[in-house]
Structure formats: structure tokens, C-alpha cells
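In: fold the following for me, if possible:
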Amino acid sequence: MIANLPLLVITGPTASGKTRRAVDVAKALNGEIISADSRQIYRDMDLGTGKDLGEYSGVPYHLIDIVDAGEKYNLYQYLRDYQAAYARIKDNGHLPILCGGTGLYVESVLNGLILPEVPQNDDLRKSLAGKTLEELKDILSEKKTLHNTTDVDNCKRAIRAIEIQTYYEQHPDEAEFAKPQPIKDAVIIGVNIDRENRRNRITARLKSRLENGMVNEVRNLLDRGIAPEDLIYYGLEYKYLTLYCTGQLKYDEMVEKLNIAIHQFAKRQMTWFRGMENRGFKINWLEWDLPEEEFVNKVKDIIYASRE
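Out: As a prediction, this is how the structure comes out:
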């Protein structure tokens, strides 16, 4: 029965331990993991993205370290690469397990989106240059319903979103092709962690990563010639560490601001997941601190119940 499951999703906020849970489940169910993390795709961005590759313990993983740091990567590319990874896993006779906390990626996969490649519109970009983020969001909201603004949290992303919607308006046949075709019978597991433990784990993890060389990771990227603005574009660790490395923040100020930003990010993730539930996705929440065997058995029970 599990062999016929089209997709298992294990998601949750940052610091909830979802990667370790996905690995445990993959070992028990003969699965392979597809990352749904918008930054772990980049090579040499390891500590800042929390790859923790040692956690995989031999379980095959996909869509990690596939793009050079400094490059841009969008939803169209992710869905294209996801489909290729998914096909390989199915050809292997294994269970695809989508694991990550980038809500846009998770929901887009579950919706079965296949996006056309949208070319750059230089004239449109020139007309939008200089507008504030709020102005850009207002323009975008006239073109589409904004369920969540996490994916348009800076001007570059908002302009790209407007560019895509404008393209769809001009090419209605391709817009029709891009409409959601939800995956039937996918099972979604959410790793639930209470606010206090989440905050403690985020702060402890940040301290550990700084002690293990996260500042040097960013310095090395800058020394290789990657533009500071390109690293800042990636947000969170790379934004604040770049500001520190370029002399725009003092160390203690950087740590404080980054810690706050990660906590805020985790709250936005939970807002996205609640929005998914409101949009009809059933997320089966399991507690983050369940013993390994109990967690795996509960996942199995949820899968069996979904197949009845």
C-alpha cells in the first residue's frame, strides 16, 4: 500500500528537526528525499543553510548543491528539477519524500504546477524600477490573489512576480497550462514544535553555526568575487553576515538582528502552513520530540489510513 503512495511530504518550521525525521522515515519505507529548501540548492552555502548532510546517513537526496552560489534560482527551475528527481526516484522503485520548509515550493509541488519559462521583460522592469516594495505588492495584488507575501519579500522578487503575471496576461494559453493540477493522495506530515522550544533551538543552532565557521563561509564567498548584494538577496544568515563582513554591522549587532530575523522567519513559515490548511491541504502534525520509532510508526499509520 505504501508503495502506491505518490508522494510523502515532511515539512515544518526551521529548527523543528524535519530532516532527521525524513531520514528516519526514508530508511523505514525505502524512500529517497527531495529537498524543498530554497537555499540548500546552492553549493558552498552549507552552514548558513543548515544542510547537515551528515544527517542523511546514506539515504539518497536530491536538489541539494545543484547551483553555484551567487546565481539566481526560481520556482520555474525548481519545479523542473523536482519533476526530474521525482521521475528518477520512481524509476528506482522508491518512495519520493519531499522534505523542507520553503512553503512556496512545497505547496507548488502539491498543486502539481508546471510553469512555462517566462522571459525577462526589460521594458517592464524599467517601468517598475524605483518603486517601493509596498507599491510593487499593490501592483501584483491587482494581477493575482496574494495568499502570502513571503515569496515577494524584496523588490527584485516582487518585480519578477509582476513580470510573470504580465506574461500570463499576454499569453493566456500558457497561463491555462500553468493552472494547478493537485497531486491526489499525497500525504503531508508536519513536524510540530512549540514556540518556546523552537526559539531555544533556533538560538542554540545559530550559536553553534557561528562557532563552527559560518562567518568564514560568507567571507570565502565574498573573496571568490560573489557580489555582496547577491548574498544579501538570499536573506537571513547571508544577509546579516554579509552586512557584518562588509563593515555595515558590528558583530554583536549582527548576531542579535539575525537571531530575531530567524525567529520571525519561523513564524512566517507557520503562517504559510496554516494558510495551506485553509486552502484545503490536510497536514498531519506530529510532535517534534517523539521517539524515533514512534514517529515512524505514526507516519505509517497515517499513510495506511489515507489509503483505506
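In: and residue 226, which helix or strand is it part of?
Out: Secondary structure assignment for residue 226, by DSSP states H and E: no helix or strand.
In: in contact with the closest residue to it other than its chain neighbours, which residues?
Out: Among residues not flanking residue 226 along the chain, residue 70 sits closest, at 4.1 Å (CB to CB, 6 or more residues apart in numbering). Backbone N, C-alpha and C define where each C-beta goes, glycine included. Counting by CB atoms under 8 Å, 6 or more residues apart in numbering, residue 70 makes contact with 221, 226-227, 230-231.
In: what's the closest of these to residue 142?
Out: Using CB to CB, residue 230 comes nearest to residue 142 of the contacts of residue 70, at 29.8 Å.
In: in a strand, the closest one, correct?
Out: No - remark: residue 230 does not belong to a strand; assigned using DSSP: H, G, I helix; E, B strand; the rest coil, it is helix.
In: excluding its backbone neighbours, what's nearest it?
Out: residue 70 is the one closest to residue 230 (CB to CB, 6+ apart), at 4.9 Å.
In: kindly report the same for residue 30.
Out: residue 94 (5.4 Å).
In: just the element for the residue nearest to residue 226, please.
Out: Counting by DSSP H and E, residue 70 is found in no helix or strand.
In: phi, psi of it?
Out: With angles defined as degrees, to the nearest 10, residue 70 sits at phi 100, psi -20.
In: quick check: the residue nearest to residue 230 vs residue 227, distance?
Out: Computed as CB to CB, to the nearest Å, the residue 70 to residue 227 distance reads 7 Å.
In: with residue 105 instead?
Out: In terms of CB to CB, residue 105 sits 25 Å off from residue 227.
In: so which of those two has more stuff around it?
Out: Per other CB atoms under 10 Å, whichever of residue 105 and residue 227 has more neighbours is residue 105, with 23 against 12.
In: lowest-pLDDT helix or strand in the chain?
Out: Lowest on mean pLDDT, DSSP states H and E among the helices and strands of the chain sits helix 172-177, with a mean of 72.
In: and after that helix, which helix or strand comes next?
Out: Following helix 172-177 in sequence order, the next helix or strand is strand 187-192 (DSSP H and E).
In: mean confidence score for the following helix or strand past that following strand?
Out: Using DSSP H and E, the helix or strand that follows strand 187-192 towards the C-terminus is helix 195-211. Taken as a whole, helix 195-211 has an average pLDDT of 97.
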